[in-house]
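1. I'll drop the sequence and a predicted model, then ask my questions.
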Amino acid sequence: MIEYFPKPAMMPVNGALRAREDDYDLGHHGGYSMSGSKVVRLGLREFTEIFAGLRSLQDNGAQFVKAARQLSQEPNPLQAIVLSNLMAGRLPESINIIKTDEDDDDDWVEISFGEIDPAIAPLR
């Protein structure tokens, strides 16, 4: 019987309930993937919030950022990869938006780091 049920989706009634909650955000907060040490992927909404200064990678996608910052935090592997690339002198070479289908509530941003740039790399 389960095969005949429609795929679960965000219903308007649930959207109305979520809109009444404080600090509710859609998106892949805290979700990320890495391909080696030069390609990272994170949710588009979280990326935009980081770019706008509302959160940082160190927040680990916490729903309540202010409360999360008061607790001891685990090191964020994604932040470590980005910092490692920067310290090695690698800057983003490309930033791509990966669109998802209508059943997903967020798209992805994929950042590929290039080769070492002598203009910002430490002297060797």
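-> Ah, there it is. Numbering: from 1, shown residues only.
2. go through stretch 89-96 and flag the buried ones.
-> For stretch 89-96, the neighbour count (16 or more other Cβ atoms under 10 Å) marks 89, 90 as buried. Glycine gets a C-beta too; all of them are placed from N, C-alpha and C.
3. low pLDDT regions in the chain?
-> Residues of the chain that meet the criterion pLDDT under 70 lie in 6-30, 63-64.
4. all strands for it, in order.
-> 32-35, 39-43, 90-98, 108-116 (DSSP state E).
5. burial-wise, tell me which of those strands comes out on top.
-> Mean neighbour count (mean count of other Cβ atoms under 10 Å) peaks for strand 39-43 among these, with a mean of 21.
6. any residues touching that strand, and which ones?
-> Under the criterion Cβ atoms under 8 Å, 6 or more residues apart in numbering, residues 27-29, 31-35, 78, 81-82, 98, 106-113 lie in contact with strand 39-43.
7. ok so, going back, format the strands of the chain as a markdown table; extra columns: distance to residue 71.
-> Below are the strands of the chain laid out as a markdown table (distance: least, Cβ to Cβ, whole Å):
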| stretch | distance to residue 71 |
| --- | --- |
| strand 32-35 | 20 |
| strand 39-43 | 21 |
| strand 90-98 | 30 |
| strand 108-116 | 27 |
